[in-house]
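[1] Predicted structure and sequence below. I'll ask about it afterward.
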Amino acid sequence: MEPLLSSFAELFAPLPFLLVFLGVFVGIVVGAIPGMSGAMVIALALPLTFFMESTHALVLLVAMYVGSTSGGLISATLMRMPGTPAAMMTVLDGFPMAKRGQPGRALGFGIMASFIGGLISWVFLAALSPPLADIAVRFGPYEIFAISLVALMLISAVSQGSMIKGLLSGVLGAVVSMVGVDNASGVVRMTFGFHDLDSGFQLLPVILGMLVLSQVLKDVIDIEQPLERVRTTTRSMFMTLSDLKAQAVNLVRSSLIGTWIGILPGIGGTTGAIASYTTARSFSRHPEKFGKGCEDGIVAAETANNAAVNGALVPLITLGIPGSVIDVILLGALVIHNLTPGPLLFQNSPESAYGIIAAALVANVLMLLIMLVATPVFARLMYVSRVWLMPPIVVFCIIGAFSESNRLFDVWVMLGFGALGFAMIQARVPTGPFIIGYILAPIAEVNLRSGLMIYDGSFLPLVTRPVSLAFLVVAFATAFWPLMRYLPAYFRNRAPEADDGD
Amino acid sequence: MNRSLFTAWVADNAFACAMAAVGGLAIWSSIGLPPPMLEPVGPAAFPLWAGLVLVVLSIAAAVQTARGRSGSANPESEGAPAPDAPAARPRRDLAAAAAGLTVLYVLAMEWQVLGFRWASVLFVFAFIMVLAGRRVRMLPVALGVALVLGVGLHWIFTGFFYIDLPG
């Protein structure tokens, strides 16, 4: 408790507090602008943090994470465009409610739900992370390997659209991560004699290309997409006590769902929002109202996506396993600032670990205040022409890619991954699993091979050690569950055809 | 099959073929790697298996496309319009121009024709003019923004953040 309190005290010093404020503010603005996302702004901000003290850098990025997740609500409600993927379920009820003349009420419900979701999940983050890190310190390489495997399976299993495409994206990320020197043997792999690739692809150019540059190209294609407008007022933007009472069960349930899905490594707020929305509709006495401007729908989606932010920070700071795409960037930030992601973070750099936890709460409170006061202003910013946004983003990408190693080669790498990401978007292949596969595959490989070295080449401890066995079972269940669900349906459908043939 | 469906079909299959080729390349490059020494897995196993899985998944994706069951949602496409939003003409020409300008921008710095500062000024100016449809009244504003961004960012990053920039 004491380290957390001292982190709060440090956070209220002028500079860290200003950074959190700035992070939340910029995050909300970016989250509110369709076509820009939290992942984009955090990736672009990463080079700016090179010169900062590590804790300051992390609190800024965490604040951006919280702000951008919440900001997506504004464009989802007023424009029918989710500013961030996590706000996609908010569109279903937020926009119809705004359209029928209650934009303030729709936004107010969303803002309060975001705040409460963040608050409840923060309790889990603060309560679970230190003891989990204590347990995780005792994990061996086989346990970490098994957890990485679960994360790899989960990202693919929950990929929206096609599971095969999600898997394809994740495995492609894994293949790309293997380029360069193999740390265990010193052998150079898949460089094809190109020595600039000996150290592999740097994280920042890959992220900037895949997530930012590809999105810029897509946004340029959609530049003439007309935007719907709903006038915003701050009237009725506050949830009353009776509203809160009516939504209490929904708020708690959605917070728990969002937190739990966030904690599951590899999946983030979007899945949390979908699961929570679906559950709220199933439990509702009037499910027919969902999708037509139902307050319960907005509350369920917004509570869960914000709860998932703090939930996803749990595996990141305790195990070094990213809970979502943005967590991959935070993982990169930890590495860039010479911090060891995972359980050792609490031992070696407690000020950073607790700083992240404290920043998550302060950012959540600031998010509430800023959104309640300034949402009408953000609503106008949403309509800023893309003409003015795209060129600076590309310039920032170039700076970010170059500054990690001072090589123009990395800029070319970024352009290459931008083209790849764009091709993936065109082929409707999600880019999120690629990034997570790119990060998790080396973790899985290094830990499996370290385990084999420790246990004289024996795979047996993988199934004799209870933690690794449990995670392996989860990994296989996740991988084969869709197949198990699909096969009976397939054979059921085949049976009538066979009868017809007879 | 209408034009947009056909374009999607081509994109899906082209991507699946490219991914199968990448998988094949991973398999081919891992065959020549030395055998395991310190543990039974060795440096070749992961690229080999990942390559194989990539090839299998690419074939599965192509089969899925052929059967018309390809996924349509893309969780990363932030800002995608809602299904009943009015459609707009996709500006692939602008995207191609943006990509071309970006390559020229990096080439100018790579060949040391221009440093970051002036390459950025020219790039931002040209990019804004392309996106704005080359409207003459945008010229002074575009030039102002380009100058502020190019010169300003160079000053901030090199003078304030002490981060080196190309050129």
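    Yes, it's here.

[2] what residue is smack in the middle of chain B?
    The geometric centre of chain B, computed from its C-alpha atoms, lies nearest to residue B:99 (Cα atoms, centre = their mean), at 8.7 Å.

[3] element containing that one, please.
    helix B:92-110 (DSSP states H and E).

[4] Could you verify my assumption that residue A:175 touches residue B:50?
    Yes: Residue A:175 is within contact range of residue B:50, at 4.8 Å (criterion: Cβ atoms under 8 Å). Where C-beta positions appear, they are placed from N, C-alpha and C, glycine not excepted.

[5] Please name the residues that touch the residue nearest to the centre of chain B.
    For residue B:99, the contacting residues are A:217, A:419, by Cβ atoms under 8 Å, 6 or more residues apart in numbering or on different chains.

[6] Looking at it now. What's its pLDDT?
    We have a pLDDT of 95 for residue B:99.

[7] one step back: okay, and the common contacts of residue A:175 and residue B:50?
    B:23, B:26.

[8] Who's the closest spatial neighbour of residue A:299, skipping the chain neighbours?
    Nearest residue to residue A:299, sequence neighbours excluded (Cβ to Cβ, 6 or more residues apart in numbering or on different chains): residue A:113, at 4.3 Å.

[9] secondary structure element for that neighbour?
    Residue A:113 belongs to helix A:103-136, assigned by DSSP H and E.

[10] List the buried residues of that helix.
    The neighbour-count check on helix A:103-136 (16 or more other Cβ atoms under 10 Å in any protein chain shown) flags A:103-122, A:124-126, A:128-130, A:132-133, A:136 as buried.

[11] now stretch B:26-33
    Quick answer for stretch B:26-33 (16+ other Cβ under 10 Å): B:26, B:27, B:29, B:30, B:33.

[12] returning to what we had before: which strands and helices sit next to the helix holding residue A:113?
    helix A:54-78, helix A:88-99, helix A:241-263, helix A:295-319, helix A:344-348, helix A:350-381 (3 or more Cβ pairs under 8 Å, 6 or more residues apart in numbering or on different chains; DSSP states H and E).

[13] which ones are touching the closest residue to residue B:102 other than its chain neighbours?
    Nearest-residue entry for residue B:102: residue A:394, 5.9 Å, with adjacent residues in sequence omitted and distances by Cβ to Cβ, 6+ apart. When contacts are counted by Cβ under 8 Å, 6+ apart, residue A:394 touches A:213, A:216, B:98, B:102, B:105, B:123, B:127.

[14] Next, the angle helix B:92-110 makes with the helix ranked longest in chain B.
    Longest helix in chain B, counting residues (DSSP state H): helix B:3-31. Counting by axes from the mean of the first three to the mean of the last three Cα atoms, to 10 degrees, helix B:3-31 lies at 40 degrees to helix B:92-110.

[15] From what I see, residue A:192 and residue B:28 are in contact.
    No: taking Cβ under 8 Å as the definition, residue A:192 is not a contact partner of residue B:28, at 9.9 Å.

[16] Mean pLDDT per helix and strand in chain A: which one sits at the bottom?
    Every helix and strand of chain A was ranked by mean pLDDT, DSSP states H and E. The lowest is helix A:466-501, at a mean of 74.

[17] Please pull up the helix or strand immediately following the helix or strand hosting the residue nearest to residue B:102.
    For residue A:394, the enclosing helix or strand under DSSP H and E is helix A:386-405. Note on helix A:386-405: by DSSP H and E, the next helix or strand toward the C-terminus is helix A:408-426.

[18] So is the host helix or strand of residue A:16 next to chain B?
    In this structure, residue A:16 sits in helix A:14-32 according to DSSP H and E. No: interface with chain B: helix A:14-32 contributes nothing (Cβ under 8 Å from any Cβ of the partner chain), its closest point being 9.4 Å away.

[19] Now do that helix against helix A:350-381, angle only.
    Using the same axes, to 10 degrees: helix A:14-32 against helix A:350-381 is 40 degrees.

[20] And helix A:14-32, what does it pack against?
    helix A:2-11, helix A:38-45, helix A:54-78, helix A:350-381.

[21] Could you pull out the buried residues of it?
    Quick answer for helix A:14-32 (16+ other Cβ under 10 Å): A:16, A:19-32.

[22] Quick check: phi and psi on the residue nearest to the spatial centre of chain A?
    Closest residue to the average C-alpha location of chain A: residue A:324 at 3.3 Å, with Cα atoms, centre = their mean. Phi and psi for residue A:324, reported as degrees, to the nearest 10, are phi -160, psi 180.

[23] pLDDT score for it?
    78.

[24] just the one 5 residues further on next, same as before
    Predicted confidence (pLDDT) at residue A:329: the value is 88.

[25] And it, how far from residue A:444?
    20 Å (Cβ to Cβ, to the nearest Å).

[26] picking that back up, in the helix holding residue A:394, which residues are buried?
    A:386-387, A:389-404.

[27] Work out the gap between that helix and the centre of the chain.
    Distance, stretch centre to chain centre, for helix A:386-405: 21 Å (Cα atoms, centre = their mean, to the nearest Å).

[28] what residues go with each domain of chain B?
    Split into domains by automatic domain parsing, chain B comes to B:3-66, B:92-160.

[29] Endpoint to endpoint, the last one covers what distance?
    The reference is to domain B:92-160. 38 Å (Cα to Cα, to the nearest Å).

[30] re earlier: output the helices and strands packed on helix A:14-32 as JSON lines; include the columns mean pLDDT.
    Compiled in JSON lines, these are given as follows (pLDDT from 0 to 100):
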{"stretch": "helix A:2-11", "mean pLDDT": "90"}
{"stretch": "helix A:38-45", "mean pLDDT": "86"}
{"stretch": "helix A:54-78", "mean pLDDT": "91"}
{"stretch": "helix A:350-381", "mean pLDDT": "90"}
